[in-house]
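S.K.: Okay, structure incoming, though there's no sequence with it:
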């Protein structure tokens, strides 16, 4: 919770300073975005879905009138999934759910199809923390690692500064027999300064 508050504070500070540095191109300049959707895990002992959310902030530079490339950082929580019993397929004896959350730092691109519609892409490092039952034994483990994430999306500009979009992202999260790698389909909103 403390890290989430720090991230929100940094993004709020960026919002205050952003108007002085914003660029005058579609999709370029400082931005903050957030999304919520469905996280799906189907690896090892885990096969299920839950609600996921993320919040990001960053900056994009206009490469051309229809292309902006930039950097981003953010935080996500990819939900909690019950472990499945390998024989019966029901919930495992360990009734606690897995958890996966972490920080992202990467690059992104926004490519305007026309003045209203765009496609986007993102990729980078994913510093995650997770816990669950590994495939190798029935002991609950807590892990952290830096791995990768990548995603793509499509969206619509409601105004010059605000857009809504659909996104699909993959977060790699594997360590010592525990595989919590998650795919997320989400709806997001972005505000540009």
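M.R.: Ah, there it is. Source: prediction; values computed, not measured.

S.K.: Excluding residues flanking it in the chain, which one is nearest residue 144?
M.R.: Once flanking residues are discounted, residue 144 sits nearest to residue 129: 4.5 Å by Cβ to Cβ, 6 or more residues apart in numbering. The way it works is simple: take the backbone N, C-alpha and C, and place the C-beta from them, glycine included.

S.K.: so who does the one you found touch?
M.R.: The contact partners of residue 129, taken as Cβ atoms under 8 Å, 6 or more residues apart in numbering, are 99-102, 142-144.

S.K.: now the host helix or strand of it, how far from the chain's geometric center?
M.R.: According to DSSP states H and E, residue 129 maps onto strand 117-133. Distance of strand 117-133 from the chain centroid (Cα atoms, centre = their mean, to the nearest Å) equals 4 Å.

S.K.: so for that strand, what's the average pLDDT?
M.R.: Strand 117-133 carries an average pLDDT of 92.

S.K.: Now do the buried residues in that strand.
M.R.: Residues of strand 117-133 classed as buried: 118, 120, 122-124, 126, 128, 130-133 (neighbour count, 16 or more other Cβ atoms under 10 Å).

S.K.: one step back: the residue nearest to residue 144 and residue 111: what is the separation?
M.R.: For residue 129, the distance to residue 111 (Cβ to Cβ, to the nearest Å) stands at 33 Å.

S.K.: likewise residue 59?
M.R.: Distance from residue 59 to residue 111, by Cβ to Cβ: 17 Å.

S.K.: Residue 30 now?
M.R.: Counting by Cβ to Cβ - residue 30 and residue 111 are separated by 19 Å.

S.K.: So between those two, which is more surrounded?
M.R.: Between residue 30 and residue 111, counting by other Cβ atoms under 10 Å, residue 30 is the more crowded of the two (22 against 16).

S.K.: Is the more buried one bridged to anything, and to what?
M.R.: residue 59 (DSSP bridges).

S.K.: Verify the stated contact: it with residue 190.
M.R.: No. Residue 30 is not in contact with residue 190 according to Cβ atoms under 8 Å; the separation is 11.0 Å.

S.K.: all strands for this structure, in order.
M.R.: 29-43, 46-64, 67-77, 99-112, 117-133, 140-157, 162-171, 174-175, 178-179, 182-192 (DSSP state E).

S.K.: Pick out the shakiest of those strands, pLDDT-wise.
M.R.: strand 178-179 (a mean of 82).

S.K.: by contact count, what packs against that strand?
M.R.: When contacts are defined as 3 or more Cβ pairs under 8 Å, 6 or more residues apart in numbering; DSSP states H and E, strand 178-179 sits against strand 117-133.
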